[in-house]
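Undergrad: pasting a predicted model and its sequence here:
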Amino acid sequence: MFAVSCITPRHTVEINDYILLENGIEILGKEKGLTAFMFENNPRKIPFQQFVADKYNVGSYHDVNYWVTINGNRYKVFVYENSDIEKYFDISEFMVTNVETEVNIVGSKAKFIALSMTDASNEDCLGENSLFRSIAIKHLKQLKDEYLNN
């Protein structure tokens, strides 16, 4: 008698640069969650929350969010805690390429980093129909690149 296993391989997506995911962190007064800008973490770097908190003088490494002014307009950036990433998104759908041994991990063990951004009126800047989408993506991509390249 032979036993045959019928396990279908699970398709995972590699995030080469970043990916936008809908229905992230929920904010007061909005029906659906914010769109998130997500990229793969590099565990050899300091924790991303620490990097952002130091860069923008936030003062705390937990529940990190900050205001930034771009071209005279104010925007609020939210950095997701790892538990929020796991709560709002199925991260098993994404491939992890930066695997490190325990001894090489300097910062966070989080596999991915996610951020959302709103304008001064609390509108989702990364939303598909947002007029500020390209501005938000440019800012978040520069922030990601600065973090990963330093």
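TA: Yep, that arrived. Numbering: from 1, shown residues only.
Undergrad: for the chain, what spans make up the strands?
TA: Taking DSSP state E, the strands of the chain run over residues 13-14, 19-21, 36-40, 65-70, 73-79, 94-95, 112-119.
Undergrad: could those be laid out in JSON lines, adding distance to residue 140 and mean pLDDT?
TA: Heads up, the C-betas are built off the backbone N, CA and C, glycines and all. Formatted as JSON lines, these follow (distance: least, C-beta to C-beta, whole Å; pLDDT from 0 to 100):
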{"stretch": "strand 13-14", "distance to residue 140": "19", "mean pLDDT": "78"}
{"stretch": "strand 19-21", "distance to residue 140": "10", "mean pLDDT": "95"}
{"stretch": "strand 36-40", "distance to residue 140": "4", "mean pLDDT": "95"}
{"stretch": "strand 65-70", "distance to residue 140": "10", "mean pLDDT": "93"}
{"stretch": "strand 73-79", "distance to residue 140": "7", "mean pLDDT": "96"}
{"stretch": "strand 94-95", "distance to residue 140": "17", "mean pLDDT": "78"}
{"stretch": "strand 112-119", "distance to residue 140": "6", "mean pLDDT": "96"}
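Undergrad: could I get the ones you listed as CSV with distance to residue 146 and mean neighbour count?
TA: What follows is the strands of the chain, written out as CSV (distance: least, C-beta to C-beta, whole Å; neighbours: other C-beta atoms under 10 Å):
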stretch, distance to residue 146, mean neighbour count
strand 13-14, 22, 10
strand 19-21, 19, 19
strand 36-40, 12, 25
strand 65-70, 13, 14
strand 73-79, 13, 17
strand 94-95, 22, 15
strand 112-119, 13, 25
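Undergrad: save those strands as JSON lines, and put in distance to residue 136 too.
TA: Converted to JSON lines, the strands of the chain look like this (distance: least, C-beta to C-beta, whole Å):
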{"stretch": "strand 13-14", "distance to residue 136": "22"}
{"stretch": "strand 19-21", "distance to residue 136": "10"}
{"stretch": "strand 36-40", "distance to residue 136": "8"}
{"stretch": "strand 65-70", "distance to residue 136": "9"}
{"stretch": "strand 73-79", "distance to residue 136": "7"}
{"stretch": "strand 94-95", "distance to residue 136": "21"}
{"stretch": "strand 112-119", "distance to residue 136": "4"}
